[in-house]
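**Q** Starting from these lines, generate the structure:
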Amino acid sequence: MTILYRVGEKLNPVDMDEGETFFNKAEGTTYIKDRNGFIIPINTLDISGETPEGMWTKFGDGTLIQRGEVIITPVKNQPSLLTFDLPIAFNHASNYTVTFIALTSRPDIVKNITSTNATTGSVNMYLLRSSATTTTVRWMAVGRWKD
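**A** Below you'll find the model as predicted:
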């Protein structure tokens, strides 16, 4: 039987209410009771959220997908840097990929969008454009939130 704890006291899973979560100290796992009475480890669930920086979805297998928009006013014909924070951190800086789409009526004048030196919680985005027009860029990052 799985032994669950609520603020230091032992609790039988049968005593859990629907939607209630509990932590198993021995396993280091949090469980939730679903509407059918099943006790499910939370790390098998897909969990989503939103912050001012964007939206994110954590999958039970450890995959993390994040997305959002940023606005940059580039310098004409020069790589222009914008550093932005991710909604939540990935587990390793080398363990995720970011893709970008410039929202513009003139995609032909956006020459390149790339990122370098990413940390677990932020991205350095460079935009090269043949004009200094303020540009909205949608981004999506895919990586891991757990190993």
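
**Q** just the strands in the protein please.
**A** Here the chain has its strands, by DSSP state E, at 4-6, 9-11, 21-24, 29-33, 39-41, 47-51, 54-58, 63-72, 80-85, 96-103, 110-116, 122-129, 135-144.

**Q** Could you dump those into a markdown table and include mean pLDDT and mean neighbour count?
**A** C-beta here means a position set from N, CA and C on the backbone, and glycine is covered the same way. Listed next are the strands of the chain as a markdown table, based on pLDDT from 0 to 100; neighbours: other C-beta atoms under 10 Å:
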| stretch | mean pLDDT | mean neighbour count |
| --- | --- | --- |
| strand 4-6 | 48 | 17 |
| strand 9-11 | 51 | 10 |
| strand 21-24 | 70 | 16 |
| strand 29-33 | 74 | 17 |
| strand 39-41 | 73 | 15 |
| strand 47-51 | 88 | 11 |
| strand 54-58 | 92 | 18 |
| strand 63-72 | 95 | 18 |
| strand 80-85 | 96 | 16 |
| strand 96-103 | 93 | 15 |
| strand 110-116 | 88 | 15 |
| strand 122-129 | 94 | 19 |
| strand 135-144 | 94 | 18 |
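
**Q** I'd say Gly143 and Ala93 touch.
**A** No - between Gly143 and Ala93 there is no contact under C-beta atoms under 8 Å: 9.3 Å.

**Q** any residues touching stretch 88-101, and which ones?
**A** Stretch 88-101 is contacted from outside by 49, 51, 56, 64, 66, 113-115, 118-121, 123, 125, 137-147, using C-beta atoms under 8 Å, 6 or more residues apart in numbering.
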